[in-house]
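>>> For reference, the sequence and a predicted model appear below.
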Amino acid sequence: MFTKCYASALVGIEAMTVEVEVNITPGLGMFLVGLPDNAVRESQERIRSAFDNSGLKMPGKKVVVNLAPADVRKEGSSLDLTIAVAILAAAGQVAPDRLGSYIIMGELSLDGTVKPIRGALPIAVNARRNGFRGFILPRENAAEAAVAEGLETIAAGSLKEVVDFLNGDAAVPPYVHETTGGDGAESPYEEDFADVKGQAHVKRALEVAAAGGHNVIMIGSPGSGKTMLARRMPTIMPPMTTAESLETTKIHSIAGKPGSTRGLMTHRPFRAPHHLASQVALIGGGTNPQPGEISLAHNGILFLDELPEFGRNMLEVLRQPLEEKKVTVARAKYTIEYPANFMLVAAMNPCPCGYYNHPTKECVCSAASVSRYINRISGPLLDRIDLHVEVTPVALDEISGTAPAEKSAAIRERVVAARARQAARFAGTNGIHTNAMMNPAMLREFCRLDAACSAMLGRAMERLDLSARAYDRIVKVARTIADLAASPDIRPEHIAEAINYRSLDRAGWGR
């Protein structure tokens, strides 16, 4: 007997429908075809044990399972449940009437329970797009899949539950995700900018960066507060839009990261990979393709601490994603594109010993070693970082002072207001949400400079020997500073502040 069920396979951050066809004929053995990987091939042993422990019967005939389209590689164990249901339907143990209406996915335990899968959200979105009535999947993934409205989410705990549901022996109401009010208003972070003593100029730079989506690098001696400041960046970032939340959740779901199974992500991700992480871990890819850290930071922050300690090749591969807001992973057997619209926040010491330009401690590094250390960060990469901020040590009287510092909530209000002005400015423009994303045509339209601003910027270009890219980025930062000041036009003081955020372009940093 022949029957057919439906599942999905992940391709990048999207899902495609897979037809699981089963034909039972006289003979012996079970045969899996359709380009399955080893995990899929091993499913037959899990299925046999699940049948035995669930009171179900494996057909004592030849079972051929085809996964169509046959030219797309099927990976992972999430097809166990689909194959098991298709075999039971072909053997007459499951009524075939409802099989065509549902996507069925889940990993089977030997005792017949259903384990969670990766990528439930993109699979649910694909199922809704292709007109399926519902999605049968493990209970642990139900909240995530329920985000796709207009699709029945049937949460199952075991193979027997799925069989009873399809046979009409048990009524399983669709899962309804309960959203708690104020979920997006409360920060999941314990840190606050009020904890940081002094460093007013650095806080201001980070506020500008958050308001315009600009990349920022902090350079300063050990203990000056670079990491402390960076880890408080998420507390002043604006809330995510629904579209941003959906796309970010899809990426984390595909990667199987904790938190994605609780439903839609409402807080911007903060990723801080160690400098010993591999290039694949940072960019993505691998034997079984996975999004890397730059994609997991999509719509959020990628924090690279001790930037010069990262391998040169790893840093250089960031250049394309910083410009194009996506990364293309091309291998012999596949080419996958992952979104990577992240805000880069980096931190570094000024020299190997860490005390170059320190106000009280003497640097023991030679001029050549300082130059070599700084030059680990290439000029093209620095060109793509909008704000270069020098972080100086905090004076003792500031550390011991009791005066309250400004809270993150107050800074966040200004950031949200500036983002609202940008949203109005770029309304109707697809894919452009912040000043940092403006293209040259938008710069000419929205960032017109008067004679005083042009003259000031021209002098800075000559004195600092800046590139055309640096020119554009100074203008974008100035536009953000104007937005924070609620100014419709860019003024000379905005240009002056933006130029001041180019510390590493000035003489005195070993260049």
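Received the coordinates, thanks.
>>> Can you give me the buried ones in stretch 398-408?
Within stretch 398-408, the residues that count as buried by 16 or more other Cβ atoms under 10 Å are A405, S408. The way it works is simple: take the backbone N, C-alpha and C, and place the C-beta from them, glycine included.
>>> how far does that stretch stretch from start to finish?
19 Å (Cα to Cα, to the nearest Å).
>>> so for it, what's the average pLDDT?
Per-residue pLDDT values across stretch 398-408 average out to 81.
>>> what do you get for stretch 105-121?
95.
>>> Which positions within it qualify as buried?
Here stretch 105-121 shows 105-109, 112-121 as buried, counting by 16+ other Cβ under 10 Å.
>>> quick check, S8 in a strand?
Yes: with DSSP: H, G, I helix; E, B strand; the rest coil as the criterion, S8 is part of a strand.
>>> Could you report the neighbour count for it?
28 (other Cβ atoms under 10 Å).
>>> go on, E75?
19.
>>> quick one on the thing from earlier: pick out whichever of the buried residues of stretch 105-121 sits closest to N288.
R118 (10.2 Å; Cβ to Cβ).
>>> Can I take it that the closest one is in a helix?
No: residue state for R118 (three-state DSSP) corresponds to coil; a helix is not indicated.
>>> I'd like to know how far I104 sits from T287.
The gap separating I104 from T287 is 26 Å, by Cβ to Cβ, to the nearest Å.
>>> do A395 as well
Applying Cβ to Cβ to A395 and T287 gives a distance of 53 Å.
>>> Listing request: residues of this protein with sub-threshold pLDDT.
Under the criterion pLDDT under 70, the flagged ranges of the chain are 178-188, 258-261, 506-511.
>>> What does the nearest residue to A209 once chain neighbours are set aside show for phi and psi?
Counting by Cβ to Cβ, 6 or more residues apart in numbering, A209 lies nearest to V216, which is 4.3 Å off, once chain neighbours are set aside. When quoted as degrees, to the nearest 10, the phi and psi of V216 stand at phi -140, psi 140.
>>> ok, V216 touching A205?
Yes: using Cβ atoms under 8 Å, V216 is in contact with A205, at 6.3 Å.
>>> if I look at the two, which residues touch both of them?
With contacts defined as Cβ atoms under 8 Å, 6 or more residues apart in numbering, the residues shared by V216 and A205 are L387, V389.
>>> ranges for the strands of the stretch 401-511 of the chain?
In the stretch 401-511 of the chain, no segments count as strands under DSSP state E, counting those that start in this stretch.
>>> Give the partner strands of the longest strand along the chain in its sheet and their orientations.
Longest strand in the chain by number of residues (criterion: DSSP state E): strand 14-25. Within its sheet, strand 14-25 is paired with strand 2-11 (antiparallel), strand 62-68 (antiparallel), according to DSSP bridges.
>>> wait, which of these is closest to P26?
strand 62-68 (6.6 Å).
>>> Can you show me the CA trace of the closest one as CSV?
Output in CSV follows, covering the C-alpha atoms of strand 62-68 (Å, rounded to 0.1, in the frame of the first residue of the first chain):
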residue,chain,number,x,y,z
LYS,A,62,9.3,-4.5,2.4
VAL,A,63,9.0,-0.8,3.4
VAL,A,64,10.4,1.8,1.0
VAL,A,65,10.5,5.4,2.3
ASN,A,66,11.2,8.1,-0.3
LEU,A,67,12.0,11.7,0.8
ALA,A,68,11.0,14.1,-2.0
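>>> Make 563 the starting number, not 1.
Happy to do that; since the first residue is 563 now, the last one works out to strand 624-630.
>>> and the next element down the chain from that strand?
Following strand 624-630 in sequence order, the next helix or strand is helix 642-652 (DSSP states H and E).
>>> any idea how far I898 is from I1036?
Counting by Cβ to Cβ, the separation of I1036 from I898 is 35 Å.
>>> Among these two, which residue is more densely surrounded?
I1036 (25 against 19).
>>> per-domain residue ranges of this protein.
Taking automatic domain parsing as the criterion, the chain consists of the domains 564-728, 755-1067.
>>> and the first one, how far apart are its ends?
Domain 564-728 has an end-to-end distance of 17 Å (Cα to Cα).
>>> Please give me every residue in contact with the residue nearest to A771.
Counting by Cβ under 8 Å, 6+ apart, V778 has contacts A767, L768, A771, M905, L906, V907, A908, I947, D948, L949, H950, V951.
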